[in-house]
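Colleague: Everything below, folded, please.
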Amino acid sequence: MLPGDVAMPQLGYGVWQIADDEAETAVATAIETGYRHIDTASAYGNEKGVGLGLKKSGLPREDLFVVTKLWNDAQGYESTLAAFEESRTKLATEYVDLYLIHWPIPSKALFVDTWKACEKLLADGVVRAIGVSNFQPAHLETLAQETGTVPAVNQVESHPMFRDTEIDAYGAEHGIVTEAWSPLGQGGVLTDPTLTAIAAEHGRSVAQVVLRWHLDSGRVAIPKSVTPSRIAENIDLDFVLTSEQLAAIDWMNTGERIGPDPLFFGSDA
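Modeller: Numbers count the residues shown, from 1 in each chain. Down below sits the predicted model:
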């Protein structure tokens, strides 16, 4: 549960790298399969397709949890407000359930003004919750010192090979939900022997085991696939990992990122 009693489904459907003309069918399929949380971003270039998929599902808007993100080149107070309106128009929705700042871009020193714009969107009722993505503790501390609103969510790279324990601990201490992007390590974990052994014990796929680990660890996860069978597989998580299995997956953490380092990414964006 996010601030303001906003219920956020712990498992969502991510649409990164899904083309705009594919997103309508992919999102509609995911919703038909049972997903209610859809995660997109301005930078993905598929908000229009996502909006069409939401409409195609036929579900009432209030039954869905829609997330989008502000891209780096729109940071700043007024530009954030304008970018949000553009995203809202493409999504064809009156409101967004969660709006995230995609990257901190500390070299621009604009994320505080950007956050203040997000506060206005929250106060205006066009977003139900606001958060960040890829923010490190130092960035979160700056927001705490400069504004009165704690991010509801911090969406960061997280998978068995890379889990930022400092981010997890900071979020737990300050009431910030940690959400995993690339929760399956962009497929890099699917042949790992530790995970394949655990999957065999449960008669499940490695992807299912990793997603169950995320959920049991208290994180939100947003797997992506355009294959209907895998979309269905990723939401079928009605099994329990043992404490020993959870610990074994925790021990896989190498500290090596797949994606960019948030301290340096986007300096030229």
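Colleague: Could you count how many residues lie near the nearest residue to Gln17 once chain neighbours are set aside?
Modeller: Using Cβ to Cβ, 6 or more residues apart in numbering and skipping the chain neighbours, the partner closest in space to Gln17 is Lys224 (7.1 Å). Glycine gets a C-beta too; all of them are placed from N, C-alpha and C. Other residues near Lys224 come to 22 when the count uses other Cβ atoms under 10 Å.
Colleague: same question, Ala169
Modeller: With other Cβ under 10 Å as criterion, Ala169 counts 12.
Colleague: which residues in the chain form helices?
Modeller: Along the chain, counting by DSSP state H, helices occupy 20-33, 47-57, 77-91, 111-124, 137-146, 165-174, 193-202, 206-216, 228-235, 243-250.
Colleague: want to throw these into TSV with mean pLDDT?
Modeller: Listed next are these as TSV, based on pLDDT from 0 to 100:
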stretch	mean pLDDT
helix 20-33	98
helix 47-57	98
helix 77-91	98
helix 111-124	98
helix 137-146	96
helix 165-174	96
helix 193-202	98
helix 206-216	98
helix 228-235	98
helix 243-250	98
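Colleague: Please dump those into TSV; it should also carry distance to Ala180 for every row.
Modeller: Formatted as TSV, the helices of the chain follow (distance: least, Cβ to Cβ, whole Å):
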stretch	distance to Ala180
helix 20-33	17
helix 47-57	20
helix 77-91	22
helix 111-124	21
helix 137-146	17
helix 165-174	10
helix 193-202	15
helix 206-216	5
helix 228-235	13
helix 243-250	13
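Colleague: Let me know which of those helices is the nearest to Pro3.
Modeller: helix 111-124 (9.3 Å; Cβ to Cβ).
Colleague: From Ile231, how far off is the residue nearest to Gln17?
Modeller: 9 Å (Cβ to Cβ, to the nearest Å).
Colleague: Kindly report the same for Leu241.
Modeller: 22 Å.
Colleague: Also Glu62?
Modeller: Glu62 is 23 Å from Ile231, by Cβ to Cβ.
Colleague: again, but for Asp97
Modeller: For Asp97, the distance to Ile231 - Cβ to Cβ - is 20 Å.
Colleague: that older thread, so for Lys224 and Ile231, which residues contact both of them?
Modeller: Listed as contacting both Lys224 and Ile231 by Cβ atoms under 8 Å, 6 or more residues apart in numbering are Tyr13.
Colleague: and Gly266, what does it touch?
Modeller: Counted by Cβ under 8 Å, 6+ apart, Gly266 has contacts 72, 103, 105, 107-108, 260.
Colleague: And those, which of them are buried?
Modeller: 72, 103, 105, 108 (16 or more other Cβ atoms under 10 Å).
Colleague: Show the pLDDT at the first one.
Modeller: Reading off the per-residue confidence, Asn72 sits at a pLDDT of 97.
Colleague: The third one now?
Modeller: Here, the pLDDT recorded for Ile105 equals 96.
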